[in-house]
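J.: need a 3D model of the following:
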Amino acid sequence: MTVRSDQRRLADPDSTLGFAEALGQQATLAIQMARLSEQARESAVLAERNRLARDIHDTLAQGFTGVILQLQAAEDALVSGDTAPVKTHISRASELARSALAEARRSVRAVRPKVLEAQALPAVLDTMVRKMTRDTRIEPEVSVVGQPRALAEECEDEITRIVQESLTNTIKHANASRFEVKILFEPHSTRLQILDDGKGFDPTLPYDGFGLIGMRERASRIGGELSITSAPGKGSEIRVALGSAQHET
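T.: A predicted model of the protein is given here:
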């Protein structure tokens, strides 16, 4: 900043320069605040895009997976000549499609999914995994260790989506016969364990898909740490550790 005057000698140069310096600092602060505001806006836009991507993936993509499984079951029944269950499979496919559409509309409107309105988290997870594994060879199990307690709403939503995504991956890729979900309520923390006895995979290799990325982002959003343990031929285990901050007060 340059200060100029038409007077050869200022009456109080220190005061004048100090005032100019203060103005310069205020201008600098205003510019910095404008930059921070723009960065915050861009971060908010990016976060919202990621949220929409996760929610659309967890509603439309997984809903279509369930629809496809039911239609494939109907096709297999027709090929084998057993037409009795065809109507049931088609009815279930329609039910899954309507449910996925309703969830997608709610997610796009940024409204909290309604899966946890009437039931506690363990009951919601049990209902969901049994519904998703119906007509598959997978035996589901949901268990609770410790004294159950309510978690923050966002935390329960994200846990539900993590389990949903994990089960979708198991159905599509793992060729598993068992899928187990454990919720461990400890004195100062809560842990989630998801296990299957499928063919496993190498989690260190690049993965072409949004599922694992979405699960990690969901865990991070609720202050959790997600870890994956798996190897070819040895099944898979996903763990999410949550701190006490996510417990409902």
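J.: which element is Ser143 on?
T.: Taking DSSP states H and E as the definition, one finds Ser143 inside strand 139-145.
J.: just checking, next helix/strand downstream of that strand?
T.: Counting by DSSP H and E, what follows strand 139-145 is helix 153-169.
J.: buried set for that next one?
T.: 155-169 (16 or more other C-beta atoms under 10 Å). Where you see a C-beta, it was placed from the backbone N, CA and C, and this is true even at glycine.
J.: that older thread, got a list of contacts for the strand holding Ser143?
T.: 122, 125-126, 129-130, 132-133, 167, 177-185 (C-beta atoms under 8 Å, 6 or more residues apart in numbering).
J.: show me the shaky parts of this protein.
T.: 1-17, 19, 41, 44-45, 48-49, 51-52, 55-59, 105-118, 208-210, 244-249 (pLDDT under 70).
J.: nearest to Glu237 among the buried residues of helix 153-169?
T.: Ser166 (10.0 Å; C-beta to C-beta).
J.: and the closest one, what does it touch?
T.: 194, 215, 238.
J.: so which bits of the strand holding Ser143 are buried?
T.: 140, 142, 144.
J.: a markdown table for these, including distance to Lys87?
T.: Listed next are those as a markdown table, based on distance: C-beta to C-beta, whole Å:
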| residue | distance to Lys87 |
| --- | --- |
| Pro140 | 25 |
| Val142 | 29 |
| Val144 | 37 |
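J.: find the nearest non-adjacent residue to Val240, please.
T.: Leu192 (4.2 Å; C-beta to C-beta, 6 or more residues apart in numbering).
J.: residue nearest the centroid of the protein?
T.: Arg218 (3.5 Å; C-alpha atoms, centre = their mean).
J.: how much does the helix or strand that that one is a member of deviate in direction from helix 153-169?
T.: Assigned by DSSP H and E, Arg218 belongs to helix 211-221. Angle of helix 211-221 versus helix 153-169, following axes from the mean of the first three to the mean of the last three C-alpha atoms, to 10 degrees, is 160 degrees.
J.: would you mark the buried spots in helix 211-221?
T.: 211-212, 214-219, 221.
J.: list just the nearest of the residues you listed to Ile228.
T.: The closest of the buried residues of helix 211-221, once distances to Ile228 are taken by C-beta to C-beta, is Leu212, at 7.3 Å.
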